[in-house]
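J.: return atomic coordinates for the entry below.
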Amino acid sequence: MGRDPEAWPALPLEAWKETRDTLHMWTQIIGKIRMKLTPHVNHWWEVPLYVTSRGLTTTPIPSGGRTFDATFDFIDHTLIFQTSDGRTETIPLRPRSVADFYHDVMATLRGLEIDVRIWTMPCEVQPPIRFEEDRQHASYDADYAHRHWRILLEADTILKEFRARFIGKASPVHFFWGGFDLAVTRFSGRRAPVREGADSITREGYSHEVSSCGFWAGSGSLTAAAFYAYAAPEPPGFADTRMRPAQASYNKEFSIFVLMYDDVRSAADPRTMLLEFLQSTYEAAATLGRWDRANLEPA
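T.: The predicted structure is shown next:
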């Protein structure tokens, strides 16, 4: 099979920023529903969404002796609710405010006899606007939503390949709706020093030493989509390490290494370039952090 021309589409932030910001809030609504009803898992692994062959899904959520799931379908552009007793409801994905979307989601759940109440203040955004009051974010460009999902699909496949090279504790490849990024994390097996002044979410998320990587649509000084990698806690010398490929650089604002998405999509072999970035950043984190690599990596 030849290279799929849709696999690595252009994703200029200025062309879809309003759609991204709206979709970010929509995924937070669904993610908060999952978080409310799902038992807590270490490092908040009960909260993310997962990439599917059509979009992003919650996986089954327990509710009153039944289960249900919610899936963003970025091919037909619908939000689909399915229950274990055979019921299905859909909400079209189209330009509409976060407030209207939130109202329809909660009404749909009530119609499915699913009782859930969530904290309606968004996470990890400034300034936050409560979902039921947010009429500022109301954009949905179906083409760019589809492009973003196609990139997630490719990234998900490659991150899973990278994850398989590690036999220590590792997270699933999952989409965190707080930061709107796809991530996978490796663990050294050792507890990390407590972060002074950290909130409860950060303390739980970084309770152990990690090397993490993923794909992010960008924010702040990172004004374009990029692949990223970081170590927490960051070992001395990590930020000054020359990573592969040569296009990789260290972003001081976020304390992460980045490989810009446009460099990957324009490469002759995007998969090889991305795996080189993931491997080199992990090796630096593990070597400088003195991980027990002999017992964490396949022989």
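
J.: residues in contact with the closest residue to F175 other than its chain neighbours?
T.: Nearest residue to F175, sequence neighbours excluded (CB to CB, 6 or more residues apart in numbering): L49, at 4.4 Å. C-beta: built from backbone N, CA, C; applies to glycine. Each residue near L49 by CB atoms under 8 Å, 6 or more residues apart in numbering is listed here: T27, I30, G31, R34, L56, T57, T58, F72, H174, F175, W177.

J.: give the contact list for the first one.
T.: Listed by CB under 8 Å, 6+ apart, the contact partners of T27 are L49, L56, F72, F175, W177, F180.

J.: how about the fourth one?
T.: For R34, the set of contacting residues under the criterion of CB under 8 Å, 6+ apart consists of E46, V47, L49, T58, I61, A70.

J.: mind redoing it with 7 Å?
T.: Contacts for R34 were tallied using CB atoms under 7 Å, 6 or more residues apart in numbering; they are V47, T58, I61.

J.: what of the last one?
T.: Applying CB under 7 Å, 6+ apart to W177 gives the contacts T27, Q28, G31, L49.

J.: in JSON lines: these, plus distance to F101, secondary structure and pLDDT.
T.: JSON lines is the format used below for the contacts of W177 (distance: CB to CB, whole Å; DSSP: H, G, I helix; E, B strand; the rest coil; pLDDT from 0 to 100):
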{"residue": "T27", "distance to F101": "11", "secondary structure": "helix", "pLDDT": "98"}
{"residue": "Q28", "distance to F101": "11", "secondary structure": "helix", "pLDDT": "98"}
{"residue": "G31", "distance to F101": "13", "secondary structure": "helix", "pLDDT": "98"}
{"residue": "L49", "distance to F101": "16", "secondary structure": "strand", "pLDDT": "98"}
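
J.: name the residues that touch stretch 56-74?
T.: Residues from elsewhere that reach stretch 56-74, judged by CB under 7 Å, 6+ apart: 27, 30, 34, 37-38, 49-50, 52, 54-55, 79-85, 112, 114, 145-146, 149, 175.

J.: what comes up buried for that stretch?
T.: For stretch 56-74, burial by neighbour count (16 or more other CB atoms under 10 Å) applies to 56-59, 61, 63, 68-74.

J.: pLDDT score for the closest residue to W45 other than its chain neighbours?
T.: If the residues on either side of it in the chain are set aside, W45 comes closest to S171, at 6.3 Å by CB to CB, 6+ apart. Listed pLDDT for S171 reads 98.

J.: and S171, what does it touch?
T.: Counting by CB under 7 Å, 6+ apart, S171 touches H43, W45, V184, T185.

J.: I'd like the distance between it and D100.
T.: 34 Å (CB to CB, to the nearest Å).

J.: equivalent analysis for E14, please.
T.: Going from E14 to D100 by CB to CB gives 25 Å.

J.: all strands in this protein, in order from the N-terminus.
T.: Ranges of strands in the chain, per DSSP state E, are 50-51, 55-57, 61-63, 66-73, 78-83, 88-92, 174-176, 181-191, 208-216, 226-232, 249-251, 256-260.

J.: mind giving me JSON lines with those and columns for mean pLDDT and distance to W291?
T.: Below are the strands of the chain laid out as JSON lines (pLDDT from 0 to 100; distance: least, CB to CB, whole Å):
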{"stretch": "strand 50-51", "mean pLDDT": "98", "distance to W291": "27"}
{"stretch": "strand 55-57", "mean pLDDT": "98", "distance to W291": "32"}
{"stretch": "strand 61-63", "mean pLDDT": "98", "distance to W291": "35"}
{"stretch": "strand 66-73", "mean pLDDT": "98", "distance to W291": "36"}
{"stretch": "strand 78-83", "mean pLDDT": "98", "distance to W291": "41"}
{"stretch": "strand 88-92", "mean pLDDT": "98", "distance to W291": "45"}
{"stretch": "strand 174-176", "mean pLDDT": "98", "distance to W291": "22"}
{"stretch": "strand 181-191", "mean pLDDT": "98", "distance to W291": "4"}
{"stretch": "strand 208-216", "mean pLDDT": "98", "distance to W291": "8"}
{"stretch": "strand 226-232", "mean pLDDT": "98", "distance to W291": "10"}
{"stretch": "strand 249-251", "mean pLDDT": "97", "distance to W291": "20"}
{"stretch": "strand 256-260", "mean pLDDT": "98", "distance to W291": "17"}
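
J.: alright, that wraps it up for me.
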